[in-house]
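Peer 1: Could you look at this predicted model? Sequence included:
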Amino acid sequence: MKGRLSMKVFKIASALLLGLLSLLGSFSIKPTPASAEENYNYVKHELRAVWIATVTNIDWPSKKGLPIDQQKQEFIKLLDDVKNMGMNAVVVQIKPTADAFYPSKYGPWSEYLTGTQGMDPGYDPLAFMIEEAHKRNLEFHAWFNPYRITMNHKDLTRLSADHPARQHPEWVEAYGNQLYYNPGIPEARKFIINGIIEVVKNYDIDAVHMDDYFYPYKIAGVEFPDQEEYEKYGQHFTNIGDWRRDNVNQLVRDINLAIKNEKSYVKFGISPFGVWRNIANDPTGSDTTAGQTNYDDLYADTREWIQRGYIDYITPQIYWNIGFEPAAYDILADWWVKETINRPIHLYIGQAAYKINNNAVPAWSDPEEYVRQINLNHKYDTIKGSMHFSLKDLNRNPLGIKDRLANDLYRYPALVPSMPWLDHTAPKKPKLRDAKRTGGGIELTIEDHQLNSDTAYYVIYRFEGTKRGSIDNAANILTTVRKTGRTQTFIDDLVEPGQTYTYVVTAVDRLHNESDFNRSITIK
């Protein structure tokens with residue numbers, strides 16, 4: 001894959017790119033007004049992702065022990081729901097509790113598939129899920145929980161006999177009513193990294209994703225039991241907090257290096273808790289009074305990851321309403337914009353779909369609250385999209401939000417934003433060879449005979465009449481189609497009898513660099 005860089009070259013290239021962007025003024029902290037041609041509700045480049053959680057069967061499968069066909073049909077239905085809402089990516093939890101939704105050397109089969117941890121479900125769910133997502137041209141972000149071993153017990157003997165935690169009890173700590181791999185043990189961190197790279201090597205994922213679970217959320221009056229490890233490994237640190245943060249920093253840095261060494265195009269992103277630090281503890285923190293924070297309580301120094309280029313995207317979970325005094329959505333969105341401005345990283349926002357009409361806070365009973373949040377995102381150049389938690393909550397359609405996404409906010413398709421620090425070269429232009437009426441639709445024939453073409457999908461633009469409009473306007477995107485061969489056809493069945501249409505087609509690689517078009521064809 002082109003764009004494979006050593007870290008030294010990568011840093012130089014990133015620095016040059018950032019310098020150029022600064023000179024050109026390409027990014028703005030201030031909200032940017034909508035242009036005359038493109039309403040900001042319909043931006044062309046925007047990540048629209050949804051979390052599909054498997055832990056305790058939150059989203060999929062609907063319950064443990066379903067037959068294979070039913071599991072598959074449920075997942076296909078979820079992907080169709082995602083596509084119909086205008087999304088372009090799914091974030092699927094494939095390692096929720098140190099287990100696996102795929103055959104693995106680093107964890108047993110998940111109990112959330114069969115009902116019994118370690119039991120083979122009879123197929124490879126991860127391979128199936130990726131294939132079905134890519135058929136619909138949805139990015140697949142493989143979601144890992146790095147440290148968590150159990151959800152509601154601390155008994156090692158209840159784990160499957162082949163569970164690595166039973167084989168290495170010296171790596172395990174109990175905290176509250178759960179078990180965790182100890183982040184302070186180098187061998188445990190290496191094990192976690194190897195488990196992630198197993199997936200990067202063996203599966204066609206688009207990104208590795210982690211959420212907000214690093215050191216566990218604090219229990220009042222209970223210290224995480226790692227004093228012994230601190231005394232053994234933390235000699236160079238003046239306090240245990242700095243040592244814990246360094247443990248997490250090492251994990252994040254080394255995961256990114258290992259991913260890029262294996263496949264330079266696989267992205268790495270993290271969705272942390274929405275507050276780095278409160279302003280009372282750090283004058284550069286956000287104007288919030290959150291009870292726990294990333295830096296002080298979860299030992300996740302998101303600022304360090306951003307400034308050192310350890311991750312490709314960050315998705316803070318800003319799960320509060322606009323104007324919420326302890327942690328306001330608008331205040332935090334602006335803070336994260338300033339953290340990421342002019343850096344080689346994408347900022348997405350984690351949206352609290354689960355709170356819509358399901359919360360004691362009156363703002364969440366307002367059908368416009370969620371819409372206002374997404375529209376606020378659209379006013380910032382630096383905010384590149386959203387991730388919604390979770391799919392089951394959107395599918396409930398509280399206050400009509402599923403309909404608003406499909407018919408308004410995400411009415412037109414959007415391309416996932418490109419990451420020029422990973423790859424900035426567009427694929428060759430495809431050829432729109434032919435267009436003809438067939439049955440009730442119009443059949444397009446696309447050719448892409450370039451040797452070593454890295455085209456991943458095509459964007460089909462349609463204009464009414466004989467005049468070709470702008471491909472920069474998202475409203476002109478008809479759909480995106482995954483590449484399946486050097487020649488393929490697509491049937492546009494959303495046409496009106498007797499209407500004249502003009503089509504153009506572009507090619508896009510898996511990091512979403514888009515070509516120009518070869519020619520246009522008008523069908524009367």
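Peer 2: That came through fine.

Peer 1: Endpoint to endpoint, stretch 510-524 covers what distance?
Peer 2: Start to finish, the residues bounding stretch 510-524 are 34 Å apart (C-alpha to C-alpha, to the nearest Å).

Peer 1: Within the helices and strands, which one has residue 401?
Peer 2: Taking DSSP states H and E as the criterion, residue 401 maps to helix 401-404.

Peer 1: for that helix, packing partners?
Peer 2: Contacting helix 401-404 under the criterion 3 or more C-beta pairs under 8 Å, 6 or more residues apart in numbering; DSSP states H and E are the following elements: helix 369-378, helix 391-395. C-betas here are computed from N, CA, C, even on glycine.

Peer 1: for those helices, which one sits closest to residue 66?
Peer 2: When the helices and strands packed on helix 401-404 are compared for distance to residue 66 using C-beta to C-beta, the nearest one is helix 391-395, at 15.8 Å.

Peer 1: from the chain's centre, how far out does that closest one sit?
Peer 2: For helix 391-395, the gap between its own C-alpha mean and the chain's C-alpha mean amounts to 16 Å (C-alpha atoms, centre = their mean, to the nearest Å).

Peer 1: cool, and stretch 77-84?
Peer 2: In this view, stretch 77-84 has its centroid 16 Å away from the chain centroid, taken as C-alpha atoms, centre = their mean.

Peer 1: CA atoms of it as PDB?
Peer 2: Only the C-alpha atoms of stretch 77-84 are listed here, as PDB (Å, rounded to 0.1, in the frame of the first residue of the first chain):
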ATOM      1  CA  LYS A  77     -30.800  -6.200   9.400                       C
ATOM      2  CA  LEU A  78     -28.700  -3.900  11.600                       C
ATOM      3  CA  LEU A  79     -26.400  -3.000   8.700                       C
ATOM      4  CA  ASP A  80     -29.400  -2.200   6.500                       C
ATOM      5  CA  ASP A  81     -30.700   0.000   9.300                       C
ATOM      6  CA  VAL A  82     -27.400   1.800   9.500                       C
ATOM      7  CA  LYS A  83     -27.200   2.300   5.700                       C
ATOM      8  CA  ASN A  84     -30.800   3.500   5.600                       C
END
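
Peer 1: if you average pLDDT over that stretch, what comes out?
Peer 2: Here the mean pLDDT over stretch 77-84 is 98, rounded to a whole number.

Peer 1: neighbouring contacts of it?
Peer 2: By C-beta atoms under 8 Å, 6 or more residues apart in numbering, the residues outside stretch 77-84 that reach it are 50, 52, 59-60, 90, 132-133, 136, 138, 391, 394-395, 406.

Peer 1: could I get those as JSON lines with distance to residue 187, pLDDT and neighbour count?
Peer 2: Formatted as JSON lines, the contacts of stretch 77-84 follow (distance: C-beta to C-beta, whole Å; pLDDT from 0 to 100; neighbours: other C-beta atoms under 10 Å):
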{"residue": "50", "distance to residue 187": "35", "pLDDT": "99", "neighbour count": "28"}
{"residue": "52", "distance to residue 187": "31", "pLDDT": "99", "neighbour count": "25"}
{"residue": "59", "distance to residue 187": "33", "pLDDT": "98", "neighbour count": "23"}
{"residue": "60", "distance to residue 187": "33", "pLDDT": "98", "neighbour count": "23"}
{"residue": "90", "distance to residue 187": "33", "pLDDT": "99", "neighbour count": "28"}
{"residue": "132", "distance to residue 187": "36", "pLDDT": "98", "neighbour count": "18"}
{"residue": "133", "distance to residue 187": "34", "pLDDT": "98", "neighbour count": "25"}
{"residue": "136", "distance to residue 187": "40", "pLDDT": "98", "neighbour count": "18"}
{"residue": "138", "distance to residue 187": "36", "pLDDT": "98", "neighbour count": "24"}
{"residue": "391", "distance to residue 187": "36", "pLDDT": "98", "neighbour count": "25"}
{"residue": "394", "distance to residue 187": "40", "pLDDT": "98", "neighbour count": "24"}
{"residue": "395", "distance to residue 187": "42", "pLDDT": "98", "neighbour count": "17"}
{"residue": "406", "distance to residue 187": "48", "pLDDT": "98", "neighbour count": "18"}
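
Peer 1: Which of these sits closest to residue 66?
Peer 2: Sorting the contacts of stretch 77-84 by distance to residue 66 puts residue 60 at the head of the list, at 9.9 Å, by C-beta to C-beta.

Peer 1: ok, back up a step: check which element follows the helix holding residue 401 along the chain.
Peer 2: Along the chain past helix 401-404, the next helix or strand (assigned with DSSP H and E) turns out to be strand 431-438.

Peer 1: could you give the angle of the helix or strand that that following strand is followed by to strand 431-438?
Peer 2: Of the helices and strands lying after strand 431-438 in sequence (DSSP H and E), the nearest is strand 441-447. Using axes from the mean of the first three to the mean of the last three C-alpha atoms, to 10 degrees, the inter-axis angle of strand 441-447 relative to strand 431-438 is 160 degrees.

Peer 1: Stretch 436-446 - what's its average pLDDT?
Peer 2: Stretch 436-446 comes out at a mean pLDDT of 95.

Peer 1: what does it rub up against?
Peer 2: Here stretch 436-446 makes contact (C-beta under 8 Å, 6+ apart) with 430-435, 458, 460, 481, 487-495, 501, 503, 505, 521, 523.

Peer 1: Identify each buried residue in the helix holding residue 401, please.
Peer 2: Applying a neighbour-count criterion of 16 or more other C-beta atoms under 10 Å, one finds 401, 402, 404 buried in helix 401-404.

Peer 1: wait, isn't residue 400 in contact with residue 367?
Peer 2: Yes. Distance between residue 400 and residue 367: 6.2 Å, which falls inside the contact criterion (C-beta atoms under 8 Å).

Peer 1: before we move on, back to that, so which of the helices and strands packed on helix 401-404 gets nearest residue 465?
Peer 2: Nearest to residue 465, of the helices and strands packed on helix 401-404 and by C-beta to C-beta, is helix 369-378 at 28.6 Å.

Peer 1: distance between stretch 97-106 and the chain's centre?
Peer 2: 20 Å.

Peer 1: The residue nearest to residue 442 when sequence neighbours are not counted - how many residues pack around it?
Peer 2: In this structure, residue 442 finds its nearest non-sequential neighbour in residue 492, 4.7 Å apart by C-beta to C-beta, 6 or more residues apart in numbering. In terms of burial, residue 492 registers 18 neighbours under the definition other C-beta atoms under 10 Å.
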